[in-house]
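S.K.: give me a 3D structure for the following:
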Amino acid sequence: MTFVHRLRPRYAEVDAQGVVFNAHWLTYFDEACTRFFDELGFHPATAFFSDFDMMLVKAVLEWRGPAGFDDEVDIAVEPVRLGTTSLDLRYTATVEGRPVCIGVITYVSVRPGVKESAPIPDEVRARLAAVAVTA
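M.R.: Residues are numbered from 1 along each chain as shown. The predicted model follows:
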């Protein structure tokens with residue numbers, strides 16, 4: 001089952017063209033990522049500081065259509081690649097089922113507080129693998 005996080009863009013997040021300003025998609029995807037890991041059983045207030053942490057190393061965003069002020073935006077989060085020390089999450093944002101932005105973000109696993117690369121912890125890997133999209 002795919003995890004979906006819902007949000008509503010605020011007035012300040014919409015540009016003069018009436019659509020979500022592009023930089024906000026990374027913020028939205030970060031929030032969806034936090035809620036995704038919470039759903040997997042890793043409470044964000046503690047897990048990212050003691051169990052594991054991740055840092056963004058690459059982000060690819062593809063705009064598909066408009067999302068505006070107060071639209072209900074659903075963001076599906078799916079692991080699409082699990083490496084030894086890195087992983088890719090795909091974010092698919094839709095409004096009323098219509099794609100508006102798709103992102104694939106590569107994260108590297110780091111030791112909390114140290115910020116040096118580390119293997120993805122076994123428990124994290126197992127939970128991600130259980131919901132990963134297979135090609």
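S.K.: what's the first-to-last distance across stretch 38-50?
M.R.: With C-alpha to C-alpha, to the nearest Å as the measure, the ends of stretch 38-50 fall 14 Å from one another.
S.K.: quick one: least confident helix or strand in the protein?
M.R.: Ranking every helix and strand in the chain by mean pLDDT, DSSP states H and E puts helix 44-50 at the bottom, with a mean of 88.
S.K.: mind listing what's buried in it?
M.R.: residue 47 (16 or more other C-beta atoms under 10 Å). Backbone N, C-alpha and C define where each C-beta goes, glycine included.
S.K.: give the partner strands of the helix or strand just after it in its sheet and their orientations.
M.R.: Past helix 44-50, further along toward the C-terminus, the next helix or strand under DSSP states H and E is strand 53-63. The pairing partners recorded for strand 53-63 under DSSP bridges are strand 98-110 (antiparallel).
S.K.: what mean pLDDT does the strand it pairs with get?
M.R.: Averaging the model's pLDDT scores along strand 98-110 yields 97.
S.K.: now do the buried residues in that strand.
M.R.: Within strand 98-110, the residues scored as buried using 16+ other C-beta under 10 Å are 100-110.
S.K.: likewise stretch 125-132?
M.R.: Here stretch 125-132 shows 125, 127-128, 132 as buried, counting by 16+ other C-beta under 10 Å.
S.K.: and of the buried residues of strand 98-110, the nearest to residue 86?
M.R.: Minimum separation from residue 86 among the buried residues of strand 98-110 (C-beta to C-beta) is found for residue 108, which lies at 4.7 Å.
S.K.: looks like the closest one contacts residue 86 (just checking).
M.R.: Yes - if you go by C-beta atoms under 8 Å, residue 108 and residue 86 touch, sitting 4.7 Å apart.
S.K.: shared neighbours, these two?
M.R.: For the pair residue 108 and residue 86, residues contacting each of them under the criterion C-beta atoms under 8 Å, 6 or more residues apart in numbering are residue 57.
S.K.: residue ranges with poor pLDDT in the protein?
M.R.: Under the criterion pLDDT under 70, the flagged ranges of the chain are 135.
S.K.: now tabulate the buried residues of strand 98-110 in TSV and tack on distance to residue 18.
M.R.: Formatted as TSV, those follow (distance: C-beta to C-beta, whole Å):
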residue	distance to residue 18
100	13
101	15
102	21
103	21
104	26
105	26
106	31
107	32
108	36
109	39
110	38
